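Colleague: Let me see the structure of the following:
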Amino acid sequence: MDLDAKITGVKLTKVCSITPFEGAGESKQVTLEVDYEGLTLGDVFTKALGADVIKWQNGSGGRKNFDNLNSGQVVKISAKAPGVKPQVDPETAMVNKLAGMTEKEREEYIVEMLAKANR
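Modeller: Model (predicted):
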């Protein structure tokens, strides 16, 4: 796929509601027609990525999952559902959790898990 390929003749429409300000009682429904003429495929994917990042940050994978994320971690998401918490296998989740702990916290956590498993 050539991400530098220019787009020609593509217009997409979307119906949306708009209010004059947040909390206003009055709203209007309009149809936006977005013309992609002259953009490259790379431009379109860059725009989509920006929207997907915001959906992920505000969805169950981002802020709601903050305590389970490690700085520098690579999080793989699907563009089909960017706001959904990514599925992580249990072993990877445990390694990520332990990586964010001190040695003492790891020992305490493992003792706690063993106690739960032996009940």
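Colleague: Check the offset of stretch 13-30 from the chain's centre.
Modeller: For stretch 13-30, the distance from its own C-alpha centre to the chain's C-alpha centre is 26 Å (Cα atoms, centre = their mean, to the nearest Å).
Colleague: which residues of the protein fall in helices?
Modeller: 41-58, 90-99, 103-117 (DSSP state H).
Colleague: In this protein, where is pLDDT below threshold?
Modeller: Confidence mapping of the chain against pLDDT under 70 gives the ranges 82-89.
Colleague: mind running it again at 80?
Modeller: By pLDDT under 80, the low-scoring segments of the chain are 60-61, 79-93.
Colleague: Glu26 reaches Ile18, doesn't it?
Modeller: No - applying Cβ atoms under 8 Å, one finds Glu26 not in contact with Ile18, separated by 9.9 Å. No exception for glycine: its C-beta is placed from N, CA and C like everyone else's.
Colleague: thinking again about what came up before, switch the helices of the chain over to JSON lines; also include distance to Ala5 and mean neighbour count.
Modeller: Rendered in JSON lines, the data for the helices of the chain read as follows (distance: least, Cβ to Cβ, whole Å; neighbours: other Cβ atoms under 10 Å):
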{"stretch": "helix 41-58", "distance to Ala5": "5", "mean neighbour count": "14"}
{"stretch": "helix 90-99", "distance to Ala5": "37", "mean neighbour count": "12"}
{"stretch": "helix 103-117", "distance to Ala5": "50", "mean neighbour count": "10"}
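Colleague: right, and these - which one's nearest Lys14?
Modeller: Judged by Cβ to Cβ, the one of the helices of the chain that comes nearest to Lys14 is helix 41-58, at 12.6 Å.
Colleague: ok now the closest one, how far from the chain's centre?
Modeller: For helix 41-58, the gap between its own C-alpha mean and the chain's C-alpha mean amounts to 9 Å (Cα atoms, centre = their mean).
Colleague: Using CSV, write down the CA coordinates of that helix.
Modeller: Listed next in CSV are the C-alpha coordinates belonging to helix 41-58 (Å, rounded to 0.1, in the frame of the first residue of the first chain):
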residue,chain,number,x,y,z
LEU,A,41,-3.7,7.8,2.6
GLY,A,42,-1.0,8.5,5.2
ASP,A,43,-2.8,11.7,6.1
VAL,A,44,-6.1,9.9,6.6
PHE,A,45,-4.5,7.2,8.7
THR,A,46,-2.7,9.9,10.8
LYS,A,47,-6.1,11.5,11.5
ALA,A,48,-7.7,8.2,12.3
LEU,A,49,-4.8,7.3,14.7
GLY,A,50,-5.3,10.6,16.6
ALA,A,51,-9.0,9.8,17.1
ASP,A,52,-8.2,6.2,18.1
VAL,A,53,-5.7,7.4,20.7
ILE,A,54,-8.2,9.7,22.3
LYS,A,55,-10.8,6.9,22.3
TRP,A,56,-8.3,4.5,24.0
GLN,A,57,-7.2,7.1,26.6
ASN,A,58,-10.8,7.8,27.6
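Colleague: Nice, that's everything, thank you.
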